[in-house]
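Engineer: Dropping the sequence and predicted coords here.
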Amino acid sequence: MATSDQPAASRPRGRRWLRWLRRTAYVLAALLVLFVFGFLPWFLGTRVTKGRFAYNDRENAGLTPQSFSLAFEEVSFTNPDGATLKGWWVPAPEARGTVVLVHGLNRSRIEMVRKVPFVHAQGWNALLFDLRHHGESGGDARTLGWLEKDDVRAARAFAQTKSPGPAVLWGVSLGAAAATLAAADDPAVTGLVCDSSYRSLPDAIRHHIDLARHARLWLRPIPAWPITQELLFWIGRSGRFDPRSVDVRAAAARLGERPSLFVCNSGDRRMPPEIAFELKDAAGGHAKVLVVPGHSHGGAWREGTAAYETAVADVLRQAGGARLAAAVPAGQVLRAERSVP
């Protein structure tokens, strides 16, 4: 009797364990869904816009124009929101115009400082500044190009109070997107150098989510949709703007006949070379593409300096109103040789 009664007594206890395990699994699954599709997009979206992370730029740390024996002035001006933007003004004697240098996301003006000696040697003033919510500048949010374009326009206007004349915008990554957006509707801009920009903000977010999913095996089950849409929602809500408005390709199509150079690294996974070609095609016949061998993002100046200088010198020559023929015909694709190992 004891042998026959024991299985009957154990079966309810086993069923209770199974029910507990099922309930626990349901709760954990629900928490995981809430984390992946609720908390994570909110956290990343608000972090991108409100966070103040600064990349540790060891390559340029401590550099100023004085490091290259160039006199400069600490300057400040305000953007349309009233935030104070800080920068460096580097005058050139009998300047032909001013180049406004615009850094990338999580960077500061020091990212662009190594380009200043070249700009100065070409006979142009240089203005380097920190975008809103970057470096020493004010502002309470980043909008990944949408309001940063107003910072660039404010910088261009400030530069022309210091030295009237042509103005060329030269940006990298976020700075390239903001410069293109600013140039599109600012006829005072006479030339553009756009290095490693994205097509549009929705496209960039989608692409970076795909990169993250393929870089980590445990992220692959997470679907790109609806994560992309949720992240865009929280970026827009936190930054108080419409992410769909950050359309760099549409802005490039409004550049008209102004000389424009679109730069890319051949192996850049974050902003692949086809983006530069699409932006060049949108800009039209006066635009060129420079392809630099390398896998970095935004490192084309370092990795293909000689070809980069030649291409930018063409833009400056044309933007300054020179009648000389450009060294490279418009619309041609330039390919740099690697300048460093």
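Structural biologist: Arrived safely, thanks for sending.
Engineer: where along the stretch 1-150 of the chain do the strands fall?
Structural biologist: Applying DSSP state E, counting those that start in this stretch to the stretch 1-150 of the chain gives strands spanning 73-78, 84-90, 98-102, 125-129.
Engineer: Redo those strands as CSV? Include mean pLDDT and distance to T228.
Structural biologist: (Each C-beta comes from the backbone N, C-alpha and C, glycine too.) Formatted as CSV, those follow (pLDDT from 0 to 100; distance: least, Cβ to Cβ, whole Å):
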stretch, mean pLDDT, distance to T228
strand 73-78, 98, 35
strand 84-90, 98, 31
strand 98-102, 98, 26
strand 125-129, 98, 32
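Engineer: how about the helices in the stretch 1-150 of the chain?
Structural biologist: Ranges of helices in the stretch 1-150 of the chain, per DSSP state H, counting those that start in this stretch, are 2-34, 40-50, 116-121, 148-162.
Engineer: you'd agree I227 is up against F37?
Structural biologist: Yes. The criterion here is Cβ atoms under 8 Å, and I227 meets it with F37 at 7.2 Å.
Engineer: quick revisit: how about the helices of the stretch 1-150 of the chain, which one is nearest I235?
Structural biologist: Nearest to I235 among these is helix 40-50 (4.5 Å), distances taken as Cβ to Cβ.
Engineer: elements contacting the closest one?
Structural biologist: helix 224-239 (3 or more Cβ pairs under 8 Å, 6 or more residues apart in numbering; DSSP states H and E).
Engineer: same thing but at 10 Å, please
Structural biologist: Using 3 or more Cβ pairs under 10 Å, 6 or more residues apart in numbering; DSSP states H and E, the elements in contact with helix 40-50 are helix 201-215, helix 224-239.
Engineer: As CSV, the ones you listed with mean neighbour count, mean pLDDT and distance to Q160 would be great.
Structural biologist: Formatted as CSV, those follow (neighbours: other Cβ atoms under 10 Å; pLDDT from 0 to 100; distance: least, Cβ to Cβ, whole Å):
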stretch, mean neighbour count, mean pLDDT, distance to Q160
helix 201-215, 17, 91, 29
helix 224-239, 18, 91, 28
